[in-house]
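K.L.:
Quick one, structure for this:
(chains A and B)
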Amino acid sequence: MLGKLALAGIKNRRRDYLVLLAGLTMSAAIFYMFANLATNKAFVKANGVVGQSMLIFGFGAVLLILITIVYIMYANSFLLSMRQHDYGLFMMLGAKKRRIGQLVFLETLILGAVATAIGIVLGLLMSRFLVGFLLNALGLHLAHLESFYLPAIIATAVLYVGLFILASLFNLVKLTRTTVLKLLHTDEQANQPQVKPIRQMIAGIVGIVLLAAGYWALANIKAFQIAAIPFAIVTITLGTYLLFRATLLTIIRWLRQTKWAKKHLNGFLMGQLNFRVYNYTRMLTIVSLLFAMDLGAITVGSGYHRQLPMMADSLGSYTVAIHDKTAKEQQLISKLDVAHQATYTQKRQGKTVFYNAAEFKQQPYEFNEGEMTPKYEKKTAAQMKSTDLNSLDFLNLAVLGQNNLYAPKMLSATKFARQSGKTVPVTTIRVKNIEKDRTTLKKLNQLELARFPHASELTVGNYQSYELMLAFFGGLEFMGYFLGIAFLAMLASCLMFKILSGAPGDKRRYRMLYKVGVRHNLMRNGIAKEIGILFMIPGIMGVIDVLFGLQMFKPLMPKPMSPYLGIGSTFAIFIGLYAIYYLITLALYWQIVLPQAPAQAQAEHK
Amino acid sequence: MTSSNAVVDVHGLEKTYGKVNERQYQALKGLNFQVASGEFVGIMGASGSGKTTLLNMLSTLDVPTKGDVIVNGHDVTKMRGNQLADFRAQEVGFIFQDFNLLESLTAEENIGLPLALKGTSSKIMDQAIHEVAETLSIADLLQKYPSELSGGQKQRVAAARAIVHHPSILMGDEPTGALDSTSARELLDLLTTINQEQHMSVLLVTHDPFSASFCQRILFIKDGLIGSEIRRGDQDRSAFYQQILNELGTFNE
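P.N.:
Below is the predicted model of the structure:
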């Protein structure tokens, strides 16, 4: 009987349960996708420097497990907030605590098991399509990528079912320890934070000092090495927490006393925020940190992606060198956006390649003299020193074979004419943007390699360097994006569930406002503002964290590259996704909280 | 009594619950009555007689199936959306059995809410709040949150919120239902004072004869219709109380 009642209770709130189930399913799916990549050793080994990428994947796994725990905690509290009134009622009607305990335990576990099962299936599908899509978008190719991988399925199932057993036990203890009256009236309790100005000021100052210390440690990562990271995590967490607690409440208290608070629903909004922020401090801190890590991961990932062409350009003076170009190659070359192009005649004899000095007088060779930034210097044969002739860039124009290059030699025009040997015209081409011309360059490179094969460890031209680096950094970059998107989905859902678990309590408040005569759209706007502010607080803090935290990557990205380059678009995309979560939360909140207008009730009668 | 000075004019009010092709229940079956401006009227009836339904119609929380409800010259049955909200905010003051105070706001902020909704300037608002707080002797409670107040204090704050914007009528839905007898008496005295000194019309829905004895006129509802009506006239309150008890005795048979 009780089981039936419980089921009926779930049916009545099926929309809320669907949200919960969808959220948990997404989380499990994301975890599966990650586990699929991380536990697949063949895949990890094939895609990157082995030791390092294992470390990165391991780090990612720890972060993902942490956020999963937090996520399930909040999802569970949402579940509990929906159910405690019902269970309180059952107990009041005389149901035994033991029986209620069983029900709670079972309900949580079944929900978790269903979510895990659907999640793994969804994860399989997503691995198949989404990961492929992401790789395509990034222009990466990763070997040994499979969507079905048994160890990953086991890992996901074990973690999720384990966490749900813990959550069930937690609910069991919580419900059976709470008195019936409290369960029935939890919605009506609103703690008003006691404000102690001096203590708050001290907390605020300490918070700022801790934050500054954390940022400083990150900026000086060269001096502190790896120790900077745990230090920064601790200080930034504590600092954020103290700062939120002190400043937010002070700001709200100050706003409440202004004239602004006495207009429309502003006072109510501030009152709501006052006790929400107080109760949410821990949660907002966690979300702001996750937001920061997440945005950081995506920013660094996209930063590498954007800067690879730049890194490649700094390595040599030409993008590709085409020997004895065919008509087809010429056609491809005409499609390129060329910055510089020159053709020289080679005569290859024995182990020496001869060049015509006159040709270099007419079109001097451009050497890349820059260290990190390309700095081109035109040199005629007379200006070239032996170091120039023996620069890898120049040597690579004539490849003899495995680890073997022709030795270049300059001859005067007359001597060159008399020199015997195989004549090969070589065209050096530097494009303006490797990334843009990548497909054309790829075809050119293939045609060239088919005719002039050279050892695989040898790269000729910046295009080949670019491809090599792309493969090298690919895993890292992919992780950045993948973790970024996964984290965002989870952290925003955490916030969503936390806010939604406050909705049943707010329902009563908005009902009161409705009775007192508050316009419908005023309530809508009020809710939009309230939830918007709750989303904005960790968002803003997270952005600040990232802006400082990116300092950490400065040593890894020498000038002119910079972790800050082009972060605008990354931020915009990220904030856009975050905003979508805000809108979903808002729509759900409106659904739960806003009172129905009587006109609608009347329509039902007609 | 003519309808021209009536603050509430109800004519042929019907309310049917349930959809047409379902089992229907008629809660109100064609009610007619008026409340004159400045009058203190009680509505009594047993549980399920339609008291609360009637009050919901009067306060626009629910829509009648048939009939007219005119409050202070506004036909509330013709109103829609924002008009309804504005009507509740400006024309009606409410006191509920369960106080309906917002626990996230202080007493002062709760009282100021109707004025804030109107967009009153903060100077006038402060003045109005302190005036009404003096009248209801809650001036020292203004900075407290509802959770720090007793039931009687909460209801006085709720009463302050109901009259701070000078509505044309004050409606009470069992306002003493959750109060101890001393607090209940204090509140009823307060409503009487508000009615007499501020000439505010009061409509009290109750099933408690003691509360009803503070009214000038009582309408008894039975099965969705006005069954009978008694007036206090010149009698003192205890005599009127006795009359109510007698009326209830015969009325419920």
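K.L.:
What segments of chain B are strands?
P.N.:
Secondary structure of chain B (DSSP state E): strands at B:6-17, B:25-36, B:40-44, B:66-71, B:74-75, B:92-96, B:169-173, B:201-205, B:217-222, B:225-231.
K.L.:
Output these in a markdown table; the columns should cover mean neighbour count, mean pLDDT and distance to chain A.
P.N.:
To be clear about C-beta, it is placed using only N, CA and C from the backbone, and glycine gets the same treatment. As requested, the strands of chain B are exported to a markdown table (neighbours: other CB atoms under 10 Å in any protein chain shown; pLDDT from 0 to 100; distance: least, CB to the nearest CB, whole Å):
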| stretch | mean neighbour count | mean pLDDT | distance to chain A |
| --- | --- | --- | --- |
| strand B:6-17 | 19 | 88 | 7 |
| strand B:25-36 | 18 | 88 | 11 |
| strand B:40-44 | 25 | 92 | 18 |
| strand B:66-71 | 18 | 89 | 11 |
| strand B:74-75 | 14 | 88 | 13 |
| strand B:92-96 | 25 | 88 | 6 |
| strand B:169-173 | 24 | 90 | 10 |
| strand B:201-205 | 25 | 92 | 14 |
| strand B:217-222 | 21 | 90 | 21 |
| strand B:225-231 | 15 | 88 | 20 |
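K.L.:
Of all those, which one is nearest residue A:353?
P.N.:
strand B:92-96 (97.5 Å; CB to CB).
K.L.:
How far away from the center of its chain is that closest one?
P.N.:
With CA atoms, centre = their mean, to the nearest Å as the basis, strand B:92-96 stands 5 Å off its chain's centre.
K.L.:
helices and strands around it, which ones?
P.N.:
For strand B:92-96, the contact count by 3 or more CB pairs under 8 Å, 6 or more residues apart in numbering or on different chains; DSSP states H and E identifies helix A:503-516, helix B:151-163, strand B:169-173 as packing neighbours.
K.L.:
Quickly run through the sheet partners of that strand, with directions.
P.N.:
strand B:169-173 (parallel) (DSSP bridges).
K.L.:
and the residue of the stretch 401-550 of chain A found nearest chain B, how many neighbours?
P.N.:
In the stretch 401-550 of chain A, the residue that lies nearest chain B is residue A:517 (3.0 Å; CB to the nearest CB). If you count neighbours by other CB atoms under 10 Å in any protein chain shown, residue A:517 ends up with 25.
K.L.:
Now do the contacts for it.
P.N.:
By CB atoms under 8 Å, 6 or more residues apart in numbering or on different chains, the residues touching residue A:517 are B:85-90, B:92, B:114, B:117.
K.L.:
Name the residues that touch stretch B:171-189?
P.N.:
Here stretch B:171-189 has contacts from B:52, B:55, B:58-59, B:92-99, B:150-152, B:155-156, B:158-159, B:191, B:202-208, B:210-211, B:214, using CB under 8 Å, 6+ apart.
K.L.:
What's the local residue count around the residue lying closest to residue B:91 once chain neighbours are set aside?
P.N.:
Closest residue to residue B:91 in three dimensions, ignoring its sequence neighbours and counting by CB to CB, 6 or more residues apart in numbering or on different chains: residue B:168, at 5.1 Å. Residues within reach of residue B:168, counting by other CB under 10 Å, total 17.
K.L.:
Can you name the residues that contact residue B:168?
P.N.:
Residue B:168 neighbours (CB under 8 Å, 6+ apart): B:7, B:37, B:71-72, B:91-92, B:201.
K.L.:
any idea of the mean pLDDT for stretch B:98-111?
P.N.:
Averaged across stretch B:98-111, the pLDDT comes to 86.
K.L.:
now do the same end-to-end measure for it.
P.N.:
16 Å (CA to CA, to the nearest Å).
K.L.:
from the chain's centre, how far out does it sit?
P.N.:
Taking mean C-alpha positions (CA atoms, centre = their mean), stretch B:98-111 and its chain are 18 Å apart.
K.L.:
Pull out the buried positions in that stretch.
P.N.:
B:99-111 (16 or more other CB atoms under 10 Å in any protein chain shown).
K.L.:
Check the residues you listed and tell me the two furthest apart.
P.N.:
B:100 and B:108 (16.5 Å).
K.L.:
Tell me who's in contact with residue 221.
P.N.:
No chain in the question, so chain A it is. Applying CB under 8 Å, 6+ apart, the residues near residue A:221 are A:228-229, A:551-552, A:555.
K.L.:
actually chain B
P.N.:
Neighbours of residue B:221 in contact, by CB under 8 Å, 6+ apart: B:31, B:43-45, B:49-51, B:54, B:227.
K.L.:
ok, now with 10 Å
P.N.:
B:28, B:31, B:33, B:43-46, B:49-51, B:53-54, B:205, B:227-228, B:251 (CB atoms under 10 Å, 6 or more residues apart in numbering or on different chains).
K.L.:
Point to the residue nearest the middle of chain A.
P.N.:
residue A:484 (1.5 Å; CA atoms, centre = their mean).
K.L.:
Can you tell me, leaving aside adjacent residues, what's nearest to that one?
P.N.:
Residue A:484 sits nearest to residue A:298 (CB to CB, 6+ apart), 3.4 Å away.
K.L.:
tally of neighbours for residue B:189?
P.N.:
11.
K.L.:
repeat for residue A:79
P.N.:
Count around residue A:79 with other CB under 10 Å applied: 24.
K.L.:
The stretch 101-250 of chain B against chain A: which residues are in contact?
P.N.:
B:101-106, B:108-110, B:112-126, B:129, B:144-148, B:161-162, B:165, B:167, B:173 (CB under 10 Å from any CB of the partner chain).
K.L.:
Can I get the buried ones among these as something I can paste into PyMOL?
P.N.:
Entered in PyMOL, the line below selects the buried ones among those, by 16+ other CB under 10 Å:
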select buried, chain B and resi 101+102+103+104+105+106+108+109+110+112+113+114+115+116+117+118+120+122+125+126+129+144+145+146+161+162+165+167+173
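K.L.:
Which members of the residues of the stretch 101-250 of chain B next to chain A are positioned in helices?
P.N.:
B:108-110, B:112-118, B:122-126, B:129, B:161-162 (DSSP state H).
K.L.:
Give me the spatial nearest neighbour of the residue positioned nearest the centre of chain B, chain neighbours excluded.
P.N.:
The centre of chain B sits closest to residue B:171, judged by CA atoms, centre = their mean, with a distance of 1.3 Å. Nearest non-adjacent residue to residue B:171, counting by CB to CB, 6+ apart: residue B:203, 4.9 Å away.
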